[in-house]
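# what follows is a predicted structure for the sequence shown.
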Amino acid sequence: MGFADRTYHQQGMQMQRPPSRLAGCPVTKWLLISNIAIFYLNMLFFGGDNNHFGLLNIWGHFSVDLVVHHFQVWRFITFQFLHADGMHLFGNMLGIFFFGTFVERWWGSKKFAVFYLASGVAGALFYIMLFYTGVFGDSPSYRPMVGASAGIFAILVSTAVIAPNLRVLLFFVIPMSMRTLAIGALVFATLMILTDLNGNAGGEAGHLGGAILGFILMKNPHMLSFLDTKRAGGRRRSRVFDAKVVREQKIRPRITVDMNDTEIDKILDKVSREGIQSLTEEERELLLRASGGN
């Protein structure tokens with residue numbers, strides 16, 4: 001069979017345009033939709049604008065007083081979908097749009113959703129910790145905090161871990177690597193916490209807390225293994241294979257799959273080039289069978 005006759009080649013020839021950035025990333029898409037929709041609902045129907053917080057922000061914002069002293073724990077989640085003004089929303093949505101898809105494809109949608117929300121919660125917890133250690137001085141406990149930035153900082157750090165040399169444009173002008181962008185953002189957040197020069201030390205604490213948990217989870221992905229899909233017999237198997245393990249298992253005898261080395265190598269090359277998240281379910285199953293798995 002010639003190269004042009006192979007199924008994967010035919011599928012490639014049939015593709016007439018590249019998929020949308022959000023294709024295959026439902027969580028990123030709904031984060032964008034929900035944040036934008038909530039902002040405009042608050043503005044149009046609940047009295048929110050650049051000078052007024054709006055009822056949705058009042059009902060859902062985070063503050064130490066309401067969460068710790070009144071145990072309104074739902075605010076750990078709701079504050080992540082609220083924004084102070086249009087520019088606040090615009091900046092955060094840019095971060096989700098450009099980098100959320102990258103991280104969602106790495107984690108898979110279910111794990112990415114938990115990763116994102118947990119990082120937002122971590123940002124709020126870090127804010128509480130710094131508040132009670134006196135870092136914010138005499139800042140009142142009822143000071144409100146809103147925004148998706150804690151989860152977005154986790155996304156930025158994750159992208160820097162996955163692709164540290166990825167080239168990006170700061171402010172669409174200044175070229176730098178993803179690693180440099182992430183480090184710069186974390187240094188800036190730390191300086192603002194210590195000096196409060198921008199009047200948003202609490203928000204910067206949320207950024208740093210989200211980034212810390214994001215980094216921990218990226219270095220310890222097994223912490224989200226409880227979300228792996230269950231298979232027959234009560235065993236769990238992750239949706240994301242470890243590329244290194246797959247390559248090591250490749251040398252085992254193949255007694256259950258009628259495939260030649262070229263086809264296996266093609267799949268492994270795709271993993272090296274595009275990441276394990278790029279494989280189709282069929283390709284994942286073929287790798288598993290080729291390595292001698294059940």
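Right, received. Where do you want to start? Numbering: from 1, shown residues only.
# before we move on, which element is the residue nearest in space to the middle of the chain in?
Nearest to the geometric centre of the chain sits Ile155, at 4.2 Å (CA atoms, centre = their mean). Using DSSP states H and E, the element containing Ile155 is helix 149-162.
# what sits against the residue nearest to the centre of the chain?
Counting by CB atoms under 8 Å, 6 or more residues apart in numbering, Ile155 makes contact with 95-96, 99-100, 103, 116, 119, 214. Using the backbone N, CA and C atoms, a C-beta is placed for each residue, glycine as well.
# which ones among those map onto helices?
Using DSSP state H, 95, 103, 116, 119, 214 are the members of these that sit in helices.
# which pLDDT value goes with the spatially closest residue to the fourth one that is not a sequence neighbour?
Among residues not flanking Ser119 along the chain, Ala154 sits closest, at 3.4 Å (CB to CB, 6 or more residues apart in numbering). According to the prediction, Ala154 has pLDDT 96.
# and Ser238, by the same measure?
For Ser238, the model assigns a pLDDT of 44.
# how many other residues sit next to Phe62?
29 (other CB atoms under 10 Å).
# scratch that, His83 is what I was asking about
By other CB under 10 Å, 26 other residues sit near His83.
# now do the SS call for it.
Assigned with DSSP: H, G, I helix; E, B strand; the rest coil, His83 falls in the coil class.
# find the nearest non-adjacent residue to it, please.
For His83, ignoring the flanking residues on the chain, the nearest one in space by CB to CB, 6+ apart is Leu89 at 4.1 Å.
# one more: Gly210?
Nearest to Gly210 is Ala150, by CB to CB, 6+ apart, at 3.1 Å.
# please apply the same query to Ser149.
In space, Ser149 is closest to His207, 5.2 Å off (CB to CB, 6+ apart).
# ok, Thr101 next?
By the measure of CB to CB, 6+ apart, the closest residue to Thr101 outside its immediate chain neighbours is Cys25, 4.4 Å from it.
# rewinding a little: so the residue nearest to Ser149 versus Ser109, what's the distance?
24 Å (CB to CB, to the nearest Å).
# and if you look at Met129?
Distance from Met129 to Ser109, by CB to CB: 30 Å.
# neighbour count: these two, which is higher?
Ser109 (16 against 12).
# my read: the more buried one touches Cys25, true?
Yes: here Ser109 lies in contact with Cys25, judged by CB atoms under 8 Å, at a distance of 7.2 Å.
# helices of this protein, start to end?
Under DSSP H, the chain gives helices at 7-14, 26-45, 55-60, 64, 75-78, 86-95, 101-107, 109-132, 149-162, 178-195, 201-219, 243-249, 261-274, 281-290.
# tell me which of those helices sits most buried.
helix 149-162 (a mean of 27; mean count of other CB atoms under 10 Å).
# check the offset of that one from the chain's centre.
Counting by CA atoms, centre = their mean, to the nearest Å, helix 149-162 is centred 6 Å from the centre of its parent chain.
# next one: stretch 125-141
With CA atoms, centre = their mean, you get 26 Å for stretch 125-141.
# what's the first-to-last distance across that stretch?
14 Å (CA to CA, to the nearest Å).
# OK, contacts around the residue nearest to Ser149?
Counting by CB under 8 Å, 6+ apart, His207 touches 123, 149-150, 153, 185, 189.
# for Leu186, same thing?
Neighbours of Leu186 in contact, by CB under 8 Å, 6+ apart: 153, 157, 208, 211.
# switch the helices of the chain over to JSON lines; also include distance to Tyr142.
Below are the helices of the chain laid out as JSON lines (distance: least, CB to CB, whole Å):
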{"stretch": "helix 7-14", "distance to Tyr142": "57"}
{"stretch": "helix 26-45", "distance to Tyr142": "20"}
{"stretch": "helix 55-60", "distance to Tyr142": "12"}
{"stretch": "helix 64", "distance to Tyr142": "8"}
{"stretch": "helix 75-78", "distance to Tyr142": "12"}
{"stretch": "helix 86-95", "distance to Tyr142": "20"}
{"stretch": "helix 101-107", "distance to Tyr142": "33"}
{"stretch": "helix 109-132", "distance to Tyr142": "11"}
{"stretch": "helix 149-162", "distance to Tyr142": "20"}
{"stretch": "helix 178-195", "distance to Tyr142": "19"}
{"stretch": "helix 201-219", "distance to Tyr142": "12"}
{"stretch": "helix 243-249", "distance to Tyr142": "49"}
{"stretch": "helix 261-274", "distance to Tyr142": "48"}
{"stretch": "helix 281-290", "distance to Tyr142": "50"}
